[in-house]
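S.K.: Here is my input, please return the structure:
(chains A and B)
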There are 2 protein chains.
Amino acid sequence: MTSSTASLDLAAYIRDIPDFPQPGINFKDISPLLKSPEAFRACIDRLVEHYASLDIDYIVGIESRGFLVGAPLAYHMNKGFIPIRKPGKLPYKVERIDYTLEYGSGSLEIHADALGEGHRILVVDDLLATGGTVAATRALIERLGGNVVAAGFVVELEFLHGRDRLSGLDIHALLKY
Amino acid sequence: MTSSTASLDLAAYIRDIPDFPQPGINFKDISPLLKSPEAFRACIDRLVEHYASLDIDYIVGIESRGFLVGAPLAYHMNKGFIPIRKPGKLPYKVERIDYTLEYGSGSLEIHADALGEGHRILVVDDLLATGGTVAATRALIERLGGNVVAAGFVVELEFLHGRDRLSGLDIHALLKY
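M.R.: Modelled structure (predicted):
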């Protein structure tokens, strides 16, 4: 990490969008962060630095914004990348989970041959809110025999207490609100 | 690039899935490539090498698999990343395009403030098929005043002649079928 990116304030690259996707929700938009080479580089470098000594086999990224963070992280940590996607997107045999969100329900899929018994996994997404999507992702990975050891995010909305649903995980977020 | 990744055969990491997403289509699944640290690294390194001397301002990635290739490419080329997404996903004001595909129709959106007059753009996706999605992406970028100068892919299905719809672009694919 260069000295210029080490001192960079990532929060200045997050844009608040009121009432998206629902009235009352203040959405944290990472578009300005992605658009800035310095901010995007600092974001990835800081996550790589945090997880440098973590013993894992694969990085699992959650569609779609989790891909933007998880893919560069996988490259730099020299680990394979496994996608978790919305139903019908993955072409091979899948394992699927249906789960409830604050507003309605969601479903996620992983390729049935994506990982195996005892594989150690780092889950990556852009944002930790209530933890519902990450908890569902963890359950999906465990069905295949994998072991989620850590979860990394750009932003954590602490007031939603997502960590409470993810006990036992090493959870890290670059920015907290 | 290390000598081991320079000689790596990327085609060995692409899996054929017959009849997905429609009967008669032989889907090129990049999951094995993503899952292999060596293959994923070689894929990104080869694209970075190809575009090293290209004069661009931003990389535009098309949701979702384009994110997996475009984000690491943006990091390594030290360029900002701009996402093109399905309708309703981007939180800020958007520019939208509706277009026809071989089987039905599609719509894409870009943030209205994502780029401006004269910005030079490299568009990235995992696969070039008929070129419809990339042509729509190009039209969207041009509406904002941008100039698509190149398009990069992991896989190109040459028999679908996607290049014919993308005249004037520097088009590069790592693997051709």
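
S.K.: where do the helices sit along chain A?
M.R.: With DSSP state H as the criterion, chain A has helices at A:3-6, A:31-35, A:37-50, A:65-77, A:132-143.

S.K.: so which of those helices is the most packed in?
M.R.: helix A:65-77 (a mean of 26; mean count of other CB atoms under 10 Å in any protein chain shown). Heads up, the C-betas are built off the backbone N, CA and C, glycines and all.

S.K.: could you check the angle helix B:65-77 makes with that one?
M.R.: 40 degrees (axes from the mean of the first three to the mean of the last three CA atoms, to 10 degrees).

S.K.: what about dumping the CA coordinates of helix A:65-77 to PDB?
M.R.: Presented in PDB, the C-alpha positions along helix A:65-77 are these (Å, rounded to 0.1, in the frame of the first residue of the first chain):
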ATOM      1  CA  ARG A  65     -21.600  -6.400  -5.700                       C
ATOM      2  CA  GLY A  66     -19.800  -9.100  -3.700                       C
ATOM      3  CA  PHE A  67     -18.200 -10.000  -7.100                       C
ATOM      4  CA  LEU A  68     -16.600  -6.600  -7.400                       C
ATOM      5  CA  VAL A  69     -14.800  -7.000  -4.100                       C
ATOM      6  CA  GLY A  70     -14.400 -10.700  -4.000                       C
ATOM      7  CA  ALA A  71     -12.800 -11.200  -7.400                       C
ATOM      8  CA  PRO A  72      -9.900  -8.800  -6.900                       C
ATOM      9  CA  LEU A  73      -9.400 -10.100  -3.300                       C
ATOM     10  CA  ALA A  74      -9.200 -13.700  -4.700                       C
ATOM     11  CA  TYR A  75      -6.600 -12.600  -7.200                       C
ATOM     12  CA  HIS A  76      -4.400 -10.900  -4.600                       C
ATOM     13  CA  MET A  77      -4.800 -13.600  -2.000                       C
END
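
S.K.: Name whatever forms a beta bridge with the residue nearest the centre of chain A.
M.R.: Nearest residue to the geometric centre of chain A (CA atoms, centre = their mean): residue A:125, 1.5 Å. Counting by DSSP bridges, residue A:125 forms beta bridges with residue A:153.

S.K.: where does chain A dip in pLDDT?
M.R.: Residues of chain A that meet the criterion pLDDT under 70 lie in A:1-4.

S.K.: Which positions in it make contact with chain B?
M.R.: A:15, A:17, A:20-21, A:27, A:29, A:31, A:34-37, A:40-41, A:44, A:58, A:61, A:63-65, A:67-69, A:71-72, A:74-75, A:78-83, A:85, A:88-92, A:111, A:114 (CB under 8 Å from any CB of the partner chain).

S.K.: Apart from its chain neighbours, what residue comes closest to residue A:126?
M.R.: Nearest non-adjacent residue to residue A:126, counting by CB to CB, 6 or more residues apart in numbering or on different chains: residue A:65, 3.8 Å away.
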